[in-house]
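A.B. asks: can't give you the sequence, but here's the structure:
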């Protein structure tokens, strides 16, 4: 927490940051799922449903990256599951 000394924090911001940066996964904010994170004081009044409806401001196509993404293509699994939702993924329906 010495790193945080002297900085100006909004309400709940320091608690949120410290909670997310816990080394011990059992103490980390959000360990019980994304809902505990979304219910944190820092996000009080935030409209998560409205966020889901927003279109991204930057929607680059993969072709814009050329050679930069070729390394990832080598490591992608051979599967037709692109776009499928994992029922255990807390962000799967987001």
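C.D. replies: That came through fine. Just so it is clear, the model here is predicted, and its values are computed rather than measured. Numbering: from 1, shown residues only.

A.B. asks: tell me, how many residues neighbour residue 16?
C.D. replies: 19 (other CB atoms under 10 Å). Yep, even glycine has a C-beta here, placed from its N, CA and C like the rest.

A.B. asks: for it, give me its contacts.
C.D. replies: Shown in contact with residue 16 (CB atoms under 8 Å, 6 or more residues apart in numbering): 29, 40-42.

A.B. asks: change it to 7 Å
C.D. replies: The neighbours of residue 16, taking CB atoms under 7 Å, 6 or more residues apart in numbering as the test, are 29, 40, 42.

A.B. asks: now do the buried residues in the lengthiest helix in the chain.
C.D. replies: Determined from DSSP state H, the single longest helix within the chain is helix 13-20. Buried residues in helix 13-20, defined by neighbour count with 16 or more other CB atoms under 10 Å: 16-17, 19.

A.B. asks: tell me the one of these nearest residue 56?
C.D. replies: Using CB to CB, residue 16 comes nearest to residue 56 of these, at 23.4 Å.

A.B. asks: pLDDT wise, what is that closest one at?
C.D. replies: Residue 16 is assigned a pLDDT of 90 by the prediction.

A.B. asks: next one: residue 45
C.D. replies: 91.
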